[in-house]
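Undergrad: Quick one, structure for this:
(one chain, ligands or ions: 1)
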Amino acid sequence: MTDGKPARRRLLKSMLAAPLLAGFGPSMRAFAEDAATPITSADEALDVFDFERAARAILPPAHFAYLATGVDGDATLRANTDAFEHYQMRVRRMTDLRNIDLSVQLFGSTWDSPIFLNPIGSQRAFHADGELAVARAAKSMKHLQVLSTVSSVSIEEVSQARGEPIWYQLYPTDQWDITRALVQRAEAAGCPVLVLTVDLQGGSNRLTMQRGARMDSRDCSACHLENPKSFGETLARKPMFSGLDMSKVMSTAPLDMSWDYLDRLREIWPGKLVIKGIVTREDAELAVEHGVDGIVVSNHGGRAEDSGRAAIDSLVEVVAGVRGRVPVLVDSGFRRGSDIFKALALGATAVGIGRPYIWGLASFGQEGVERVLAILRRELLIAMRQAGVQRIRELQPGVIVGHRGYGLG
Ligand SMILES: Cc1cc2nc3c(=O)[nH]c(=O)nc-3n(C[C@H](O)[C@H](O)[C@H](O)COP(=O)(O)O)c2cc1C
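TA: The predicted structure is shown next:
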């Protein structure tokens, strides 16, 4: 993966110098900015962005661009991180801070931390150990891991590395037989929670990803089909589709999907069913009416629509729509413990991270993922101490203030 690095650095440096880059969105700039002095070991990292620089230095351009990309002008990507400024911590003094407890309850299980690892496809594109390294880190740090439909390692192998069943994320294919086969395989692997992702149905115009692929001059035929005959043929290379007849699959986000799809899924899935990608009060209410067990507020890390609306802002109205009937989880843009603190205060039960742990994975494998989790946990712990809060459930709207017209629900 490091082949051609000096040449690539020169290319990226010249790109950076080009005034042309000023017109690109933040995902393209993040992708093109050269790593100043990337860290050389995981324990040197001071925050998760140290891993971003290290990942950018080591990954091939196409792979880093796949990770960094937003859509269109990156408005949502930018909003996801900027919007934490809409909410501020209310800091308290003079409380006993000796015993801070970060644990949360979710569907009858207790987790040491409210931070979970979001589903991210194709993790072997970032490190040879891919999802297995992440599972080992999740195991050693006792975090919840959600496996993607388009993973590069099968659910059976990842569950084994994790040491217990993991949650499985489902992309709704347009062929019911294929979807059912995926669901049955997850059930057979002992998966307790199925997470249906619904935020890519409208399409996603990932420009940075396409530009990165154009810049990458490597021979990629060992991993990618050069001229796939169909989308199904490309997908068939993923372990979760092995042995399935993929010839008719045209999409993992069918245009005709509506709420009855959820009802249908409910009939074939005996475990907990969570919907991922809800960003409005109306859809949250409909999801609860259709019997979901949980909701993930998410805009796919700014890689779905270019609405310009941050996940943390959507969280407020979703929590209001749900009215405590099911747990609300959230992801997209979380980079600091104080970000996580704010979401928990706004009513989230748990907070997912995507890119940050992949930066850790790409740079230092399992150790990098562990260090990312340790940094975020420590930052959250410090934020809780500063707010004078000992337990996650004490994180209520009173520990933050919303400003510039951002209400607290
Ligand atoms: C490279 C990449 C691949 C992703 N693959 C999936 C996927 O297979 N399934 C899914 O539901 N979400 C996927 N997501 C979205 C994440 O689960 C999550 O919503 C998002 O990364 C959170 O935002 P963050 O990266 O800003 O933390 C992916 C995100 C990235 C960056």
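Undergrad: what's the closest non-adjacent residue to the one residue in the chain that gets nearest to the ligand?
TA: At 2.1 Å from the ligand, Gly354 is the closest residue in the chain, using C-beta to the nearest ligand atom. (C-beta placed from N, C-alpha, C; glycine too.) Excluding its sequence neighbours, the residue lying closest to Gly354 (C-beta to C-beta, 6 or more residues apart in numbering) is Asn118, at 4.3 Å.
Undergrad: right, and the one you found touches Ala350 too?
TA: No. Asn118 is beyond contact range of Ala350, at 10.7 Å (criterion: C-beta atoms under 8 Å).
Undergrad: between the two, who's got more neighbours?
TA: A count of neighbours by other C-beta atoms under 10 Å puts Asn118 above the other of Asn118 and Ala350, at 27 against 24.
Undergrad: Around the ligand, which positions in this protein sit nearby?
TA: Contact residues, the chain versus the ligand (C-beta under 6 Å from any ligand atom): 66-67, 80, 118-121, 148, 150, 169, 197, 276, 298, 300-301, 331-334, 353-355.
Undergrad: what about 5 Å?
TA: When proximity is defined by C-beta under 5 Å from any ligand atom, the chain lies next to the ligand at 67, 118-121, 148, 150, 169, 197, 298, 300-301, 331-333, 353-355.
Undergrad: Tell me which of these fall in strands.
TA: Counting by DSSP state E, the part of these found in strands is 169, 197, 331, 353.
Undergrad: tally of neighbours for the second one?
TA: In this case it means Thr197. By other C-beta under 10 Å, the burial measure for Thr197, its neighbour count, is 23.
Undergrad: any idea where the strands of the chain begin and end?
TA: Here the chain has its strands, by DSSP E, at 87-89, 104-106, 109-111, 115-117, 146-147, 167-170, 193-197, 272-278, 294-297, 328-331, 350-353, 400-402.
Undergrad: which residues sit against the third one?
TA: This points to strand 109-111. Applying C-beta atoms under 8 Å, 6 or more residues apart in numbering, the contact partners of strand 109-111 are 103-105, 142-144, 192, 350.
Undergrad: Now those in JSON lines, please, with extra columns for pLDDT.
TA: As requested, these are exported to JSON lines (pLDDT from 0 to 100):
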{"residue": "Ser103", "pLDDT": "98"}
{"residue": "Val104", "pLDDT": "98"}
{"residue": "Gln105", "pLDDT": "97"}
{"residue": "Lys142", "pLDDT": "97"}
{"residue": "His143", "pLDDT": "98"}
{"residue": "Leu144", "pLDDT": "98"}
{"residue": "Pro192", "pLDDT": "98"}
{"residue": "Ala350", "pLDDT": "98"}
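Undergrad: Give the closest residue to Ala311 in space, chain neighbours not counted.
TA: Sequence neighbours aside, Ser332 is the residue nearest to Ala311 in space, at 3.6 Å (criterion: C-beta to C-beta, 6+ apart).
Undergrad: Was I right to think the one you found contacts Asn299?
TA: Yes. With contact defined as C-beta under 8 Å, Ser332 reaches Asn299; the gap is 5.2 Å.
Undergrad: out of those two, which sits in the more crowded spot?
TA: Ser332 (33 against 27).
Undergrad: which residues does the residue nearest the centre of the chain contact?
TA: In the chain, the C-alpha nearest the mean C-alpha coordinate belongs to Gly354, at 3.0 Å (C-alpha atoms, centre = their mean). Neighbour list for Gly354: 118, 120, 301, 331-332 [criterion: C-beta under 8 Å, 6+ apart].
Undergrad: Can you pick out the most distant pair from these?
TA: Ile120 and Ser332 (12.6 Å; C-beta to C-beta).
Undergrad: circling back: reformat the ones in strands among the residues of the chain next to the ligand as CSV; add pLDDT.
TA: As requested, these are exported to CSV (pLDDT from 0 to 100):
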residue, pLDDT
Gln169, 98
Thr197, 98
Asp331, 99
Ile353, 99
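Undergrad: List only buried entries from those.
TA: Among those, those classed as buried by 16 or more other C-beta atoms under 10 Å are 169, 197, 331, 353.
Undergrad: Please name the nearest non-neighbouring residue to the third one.
TA: This means Asp331. Closest to Asp331 by C-beta to C-beta, 6+ apart is Gly352, at 3.3 Å.
Undergrad: Tell me how this protein divides into domains.
TA: 5-74, 80-203+249-402 (automatic domain parsing).
Undergrad: hmm, which two among the ones in strands among the residues of the chain next to the ligand are most spread apart?
TA: Comparing all pairs in these by C-beta to C-beta, the longest separation belongs to Thr197 and Ile353, at 16.1 Å.
Undergrad: Helices of the stretch 1-150 of the chain, residue ranges please.
TA: 5-17, 26-32, 48-58, 61-68, 75-82, 130-141 (DSSP state H, counting those that start in this stretch).
Undergrad: okay if I get those helices as a markdown table plus mean pLDDT and mean neighbour count?
TA: Below are those laid out as a markdown table (pLDDT from 0 to 100; neighbours: other C-beta atoms under 10 Å):
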| stretch | mean pLDDT | mean neighbour count |
| --- | --- | --- |
| helix 5-17 | 52 | 13 |
| helix 26-32 | 77 | 22 |
| helix 48-58 | 97 | 22 |
| helix 61-68 | 97 | 24 |
| helix 75-82 | 98 | 22 |
| helix 130-141 | 98 | 23 |
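Undergrad: Including distance to Arg93, could these go into TSV?
TA: Shown next, in TSV, are these (distance: least, C-beta to C-beta, whole Å):
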stretch	distance to Arg93
helix 5-17	44
helix 26-32	37
helix 48-58	28
helix 61-68	40
helix 75-82	29
helix 130-141	31
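Undergrad: and the residue nearest to Asp331, how many residues sit next to it?
TA: Gly352 has 28 nearby residues by other C-beta under 10 Å.
Undergrad: Over to Thr110?
TA: 9.
Undergrad: Likewise for Asp43?
TA: Count around Asp43 with other C-beta under 10 Å applied: 9.
Undergrad: what about dumping the CA coordinates of stretch 251-268 to CSV?
TA: Below are the C-alpha coordinates for stretch 251-268, written out as CSV (Å, rounded to 0.1, in the frame of the first residue of the first chain):
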residue,chain,number,x,y,z
SER,A,251,-29.3,-2.1,-6.2
THR,A,252,-28.7,-2.0,-2.5
ALA,A,253,-31.0,1.0,-2.1
PRO,A,254,-34.1,0.1,-4.1
LEU,A,255,-36.2,3.1,-5.3
ASP,A,256,-39.5,1.4,-4.4
MET,A,257,-38.6,0.8,-0.8
SER,A,258,-41.2,2.2,1.6
TRP,A,259,-42.5,1.5,5.1
ASP,A,260,-44.0,-1.9,4.1
TYR,A,261,-40.4,-3.1,3.5
LEU,A,262,-39.8,-2.7,7.2
ASP,A,263,-43.0,-4.7,8.0
ARG,A,264,-41.8,-7.4,5.7
LEU,A,265,-38.4,-7.5,7.3
ARG,A,266,-40.0,-7.7,10.7
GLU,A,267,-41.7,-10.9,9.6
ILE,A,268,-38.5,-12.7,8.8
